[in-house]
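1. this is the structure alone, sequence omitted:
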């Protein structure tokens, strides 16, 4: 939470970071701060107090926001990879193709598409009747554990969710993968060895985080619900609910020279202001 909020604040405050890349990074940090606060506070409260009960309406609300942010992040990560593809592979056309208006449109598309898809699924879920056992075998209100508790016909909502899961995981992942393949092929043509090493270090770390995020989503939501994977789904869920939001600020932002310099400038200004007030 601290890392994501810090990056979002730096992007807003510092004029040097008002570029397309940092605009998307700011959106990602804001998204993951919201994403993390949807799940972890409730889970930590349950662990600390021992009160693990949640109302049906509260559970559906948690699923709604969790689903919105998950779907939005899939598209936002693909937009970020496309931005890096244009910057590295099409540098002469980058300014024209990635203007401020285009950045706003891509970010708005990422946010609205996630909220639209999850709203449809949540509306279908709210019409279900829950009359069976009332224990969710998970640490969050996810789709499959909730559906198992319903005594209504769930064939329609299962089909709709599978379609939306396919739309919001496979195409963005393929776009992200294709972008990084083009980026790596361009990097291989860089004559400088140090330049290639630095670019590969950045791209490989980005690709690892993206692969973990999408890979676990595909395993949890698109593979069949069989006994072998049932218990592992909770473990895989930790990767995209906790590990990815924790790693993204470190990999995408806090390793960047511009972010480090901005942070140093702001800390220096705060210390100077504090010294002036003391005097």
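-> Thanks, I have it. Note that the structure is a prediction, hence the values are computed from the model and not measured.
2. mind listing what the residue nearest to residue 80 when sequence neighbours are not counted touches?
-> Using Cβ to Cβ, 6 or more residues apart in numbering and skipping residues adjacent in sequence, the residue nearest residue 80 is residue 24, 4.6 Å away. For every residue, glycine as well, the C-beta is placed using N, CA and C. Each residue near residue 24 by Cβ atoms under 8 Å, 6 or more residues apart in numbering is listed here: 76, 79, 80, 83, 103, 106, 107.
3. and if you look at residue 147?
-> Counting by Cβ under 8 Å, 6+ apart, residue 147 has contacts 125, 128, 154, 157, 158.
4. thinking again about what came up before, from the contacts of residue 24, which is closest to residue 209?
-> Within those, the smallest distance to residue 209 is 11.0 Å, found for residue 80 (Cβ to Cβ).
5. can you list the buried residues in the helix or strand harbouring that closest one?
-> Residue 80 belongs to helix 56-89 when assigned by DSSP states H and E. For helix 56-89, a neighbour-count test (16 or more other Cβ atoms under 10 Å) marks 59-88 as buried.
6. name the nearest residue to residue 26, ignoring sequence neighbours.
-> Nearest non-adjacent residue to residue 26, counting by Cβ to Cβ, 6+ apart: residue 11, 3.4 Å away.
7. the one you found: neighbour count?
-> By other Cβ atoms under 10 Å, the residues close to residue 11 number 25.
8. ok, it touching residue 23?
-> Yes. With contact defined as Cβ atoms under 8 Å, residue 11 and residue 23 form a contacting pair (7.0 Å).
9. low-confidence ranges, this structure, go.
-> The model of the chain has pLDDT under 70 over residues 132, 195, 198-202, 205, 223-230, 253-255, 274-279.
10. so what's the residue positioned nearest the centre of it up against?
-> The centre of the chain sits closest to residue 73, judged by Cα atoms, centre = their mean, with a distance of 3.6 Å. Going by Cβ under 8 Å, 6+ apart, residue 73 touches 28, 31, 32, 35, 114, 213.
11. mind redoing it with 10 Å?
-> Applying Cβ atoms under 10 Å, 6 or more residues apart in numbering to residue 73 gives the contacts 27-28, 31-32, 35, 110-111, 114, 168, 172, 213, 217, 240, 244-245, 248.
12. please apply the same query to residue 14.
-> So residue 14 contacts 22, 258, 259, 261, 262, 263, 265, 266 (Cβ under 10 Å, 6+ apart).
13. can you tell me how far the last one is from residue 7?
-> In this structure, residue 266 and residue 7 are separated by 12 Å, where distance is defined by Cβ to Cβ, to the nearest Å.
14. between those two, who's got more neighbours?
-> Between residue 266 and residue 7, counting by other Cβ under 10 Å, residue 7 is the more crowded of the two (28 against 15).
15. roughly how far apart are the residue nearest to the more buried one when sequence neighbours are not counted and residue 4?
-> Computed as Cβ to Cβ, 6+ apart, the closest residue to residue 7 that is not its neighbour in sequence is residue 29, at 4.1 Å. Per Cβ to Cβ, residue 29 is found 4 Å from residue 4.
16. what of residue 221?
-> 24 Å.
17. so for these two, which residue has more residues nearby?
-> The residue with more neighbours, out of residue 221 and residue 4, is residue 4; 24 against 21, by other Cβ under 10 Å.
18. that one: what's it in contact with?
-> 26, 28-37, 245-246, 248-249, 253.
19. let's see if you can find the most crowded of those residues.
-> residue 28 (28 neighbours).
20. if I pick it, what's in contact with it?
-> Residues near residue 28 by Cβ under 10 Å, 6+ apart: 4, 7-8, 11, 35, 72-73, 76-77, 79-80, 107, 110, 245, 248-249, 252-253.
21. please redo it, this time with the cut-off set to 8 Å
-> 73, 76, 77, 80, 248, 252.
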